[in-house]
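In: Make a model of this:
(2 chains)
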Amino acid sequence: MRLENVWLRYHRRGPWVLRGIDVRIGPGEAAIVLGRNGVGKSTLLQVAAGVLRPGRGRVTDRPARVGWVPERFPADQPFTVTRYLTGMARVAGLGRTAADEAVTSWTDRLGLSAFRSVRLPELSKGTAQKVGLAQAMLRPPGLLVLDEPWEGLDAATRELVPELIAEVLAADGSVLVSDHRGETVRLPGARRWLVADGALSEQTSSTDETFAVVEVAVPAARVAGTVARLRAEGHQVLRVRSDASTAAPQARPVEPFREARAARPAEASREADAARPAEPPLGMAGELAAEQPEAADAVVEPAAGESR
Amino acid sequence: MSALVRMRLAGFLRTGRAVAPLLAGLITLGTLYGGGRAQPAEAYGVSAVVLFPVLAWQTKILLDVEPDVQRRLAQVTVGVARERLAGLLAAAVAALVTVAVALLFPWLVGGVSGPVDPGDRSIPVGLALGLWAHLLVVPAAVALGALASRASVGGAGYGVAVLALGGVGAVVLGLTGSVAPWLAPPIMAAARTTGGDAAALTLLGLSGWALAWSAAVVGGYLWRRRAQG
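Out: Residues are numbered from 1 along each chain as shown, chains lettered A, B, ... in the order given. So this is what the prediction gives:
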């Protein structure tokens, strides 16, 4: 699928949200869409999914079957989980028997079995999000578009999302996923698209990519915002600690580690989870893995010192 | 696509929002037929006129019941054209049910009579003309309701304005001597025809007029949906 010079704005005289996006994703490829809040990540995903039509440019070679998981599942509907998913399966073209089988399979897999008879408005946010995930997978999609799929999910289901993505990729499908929580460390092989000022740039990623750890000390009151900003810029925040000495450590020679996160995605994600407290105590310092060129004038810890 | 039509009708019925336009229709028909008995063709002609805004409102409610994100999910699943068409078909099915109630209603309350004078139309002919008048109204009302829906106009206020303008305009511009009758669907002209001379050519012309008007308004609806994204 290819987005060719895609421009989009929501109103005729409104500002352009996307400006000349030109990008291609092939079968078996996944891309993580990164960027700050409000830069157009969801808009880009909706253009890719076929929800939004570009004001200029076009989308070509979009797979026939698209699964879209919106950021917020529309739970204000008068259906039970089973009735909704069965209806969506039939809408997707499955026959009655196949629809029932698909619904049973996905409700079991996503831990929705106990909620089959529950009406959608009565579901918790996380459970409703699982229904959103299920409806996108009822027919194996050629393109799976996930808008913040980890939002509100329990730990077990968060672990399941990369599995689903891997299955789509294994079937030669493509996957686009946005994330601002750092969960995409679970997708080490994915391309990384950074959206900023309406433009898209691809962050190079290869098996030879080297990383360094930059220790940053920030006032406690600014920790949450700094962590969010760093993640939005594509950095991996490995942890936040409260025992930081504010004395500037000595810069040491860079000893980059190679794909440390890729080799330990689960560990890295636990670190990322640990880095998520809303209001950490005073004197906090964080570590982020950065590509080596970006760390040139920063305080850098060698690999041995960061891989906790 | 039929699955999406069924799903939307189910959503419309299960929310209970189908009750309001149905009640409005029954009250209107009750008022209409409460004043005395009339022959079927004449009574049905007027019934079709008063049902026009009710059916348009019903269409708007049916389309507005579905959350915006769910509508987009349906669009991703079946494609743009089928998603639009499924909404219009669901509204048409709901309108036909209301029309069936409207056709049955006067017989239940004794609001219609058989031919009185030798020149009066027979009951089957009156029924056929009445059915034609109501079927003429359905596409026009569905088109107006779709144009007034949230997916088309965005804010609720604009939707109500479109409905009010369309409903009043259909009556005012349809009056005898109107300067621009073609701007409205021919529901008033159809009512006059069922009560008077119903030549085949007239029926054909009015049918074509109604379909053309409906097609133009549906075109406006699709254009608005395209603009809304």
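In: burial measure for residue A:158, as a count.
Out: Residues lying near residue A:158 (other C-beta atoms under 10 Å in any protein chain shown) number 19. Heads up, the C-betas are built off the backbone N, CA and C, glycines and all.
In: Next one: the residue of chain B most remote from its centre from residue A:110, what distance?
Out: What lies farthest from the middle of chain B is residue B:118; by C-alpha atoms, centre = their mean that is 33.3 Å. Look at residue B:118 and residue A:110: by C-beta to C-beta, to the nearest Å, they are 73 Å apart.
In: my guess is residue A:31 is in a helix, correct?
Out: No: per DSSP: H, G, I helix; E, B strand; the rest coil, residue A:31 lies outside any helix segment and is strand.
In: Who does it form a beta bridge with?
Out: Residue A:31 forms beta bridges with residue A:176, residue A:191, as assigned by DSSP bridges.
In: Distance of it relative to chain B?
Out: Counting by C-beta to the nearest C-beta, to the nearest Å, the separation of residue A:31 from chain B is 18 Å.
In: so that residue makes contact with residue A:194?
Out: No: using C-beta atoms under 8 Å, residue A:31 makes no contact with residue A:194, being 10.7 Å away.
In: Would you map the helices across the chain?
Out: Picked chain A for this. With DSSP state H as the definition, chain A shows helices at residue ranges A:41-49, A:81-91, A:96-109, A:125-137, A:155-170, A:223-232, A:260-263, A:265-274, A:303-306.
In: let's do chain B instead
Out: Using DSSP H, the helices found in chain B span residues B:2-14, B:19-34, B:40-65, B:68-78, B:80-108, B:123-147, B:150-153, B:156-172, B:187-195, B:200-228.
In: need those helices in CSV with mean pLDDT, mean neighbour count and distance to chain A, can you?
Out: Formatted as CSV, those follow (pLDDT from 0 to 100; neighbours: other C-beta atoms under 10 Å in any protein chain shown; distance: least, C-beta to the nearest C-beta, whole Å):
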stretch, mean pLDDT, mean neighbour count, distance to chain A
helix B:2-14, 95, 19, 4
helix B:19-34, 91, 16, 13
helix B:40-65, 94, 25, 8
helix B:68-78, 96, 22, 4
helix B:80-108, 95, 19, 8
helix B:123-147, 95, 24, 19
helix B:150-153, 94, 20, 13
helix B:156-172, 92, 16, 15
helix B:187-195, 91, 23, 33
helix B:200-228, 93, 16, 7
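In: would you turn the ones you listed into a markdown table with distance to residue A:91?
Out: Formatted as a markdown table, those follow (distance: least, C-beta to C-beta, whole Å):
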| stretch | distance to residue A:91 |
| --- | --- |
| helix B:2-14 | 5 |
| helix B:19-34 | 25 |
| helix B:40-65 | 16 |
| helix B:68-78 | 5 |
| helix B:80-108 | 9 |
| helix B:123-147 | 20 |
| helix B:150-153 | 17 |
| helix B:156-172 | 26 |
| helix B:187-195 | 34 |
| helix B:200-228 | 18 |
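In: any idea how far the residue nearest the centre of chain A is from chain B?
Out: Against the mean C-alpha coordinate of chain A, by C-alpha atoms, centre = their mean, the closest residue is residue A:179 at 2.9 Å. Note on residue A:179: its distance to chain B, by C-beta to the nearest C-beta, is 19 Å.
In: Please give me every residue in contact with that residue.
Out: With C-beta atoms under 8 Å, 6 or more residues apart in numbering or on different chains as the criterion, the residues that contact residue A:179 are A:32-34, A:148-150.
In: Same check on residue A:161?
Out: Residues in contact with residue A:161 (C-beta under 8 Å, 6+ apart) are A:133, A:146, A:149-150, A:153, A:183, A:186.
In: out of those residues, which are inside strands?
Out: Within the contacts of residue A:161, residues falling in strands by DSSP state E are residue A:146.
In: ok so, going back, which of the helices of chain A sits most buried?
Out: helix A:41-49 (a mean of 25; mean count of other C-beta atoms under 10 Å in any protein chain shown).
In: ok, back up a step: and the contacts of residue A:161, which two are furthest apart?
Out: A:133 and A:186 (14.8 Å; C-beta to C-beta).
In: Could you find the closest non-adjacent residue to residue B:149?
Out: Spatial nearest neighbour of residue B:149, chain neighbours left out: residue B:63 (4.0 Å); criterion: C-beta to C-beta, 6 or more residues apart in numbering or on different chains.
In: could the helices of chain A go into a markdown table alongside mean pLDDT?
Out: Formatted as a markdown table, these follow (pLDDT from 0 to 100):
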| stretch | mean pLDDT |
| --- | --- |
| helix A:41-49 | 94 |
| helix A:81-91 | 97 |
| helix A:96-109 | 96 |
| helix A:125-137 | 94 |
| helix A:155-170 | 88 |
| helix A:223-232 | 83 |
| helix A:260-263 | 40 |
| helix A:265-274 | 44 |
| helix A:303-306 | 36 |
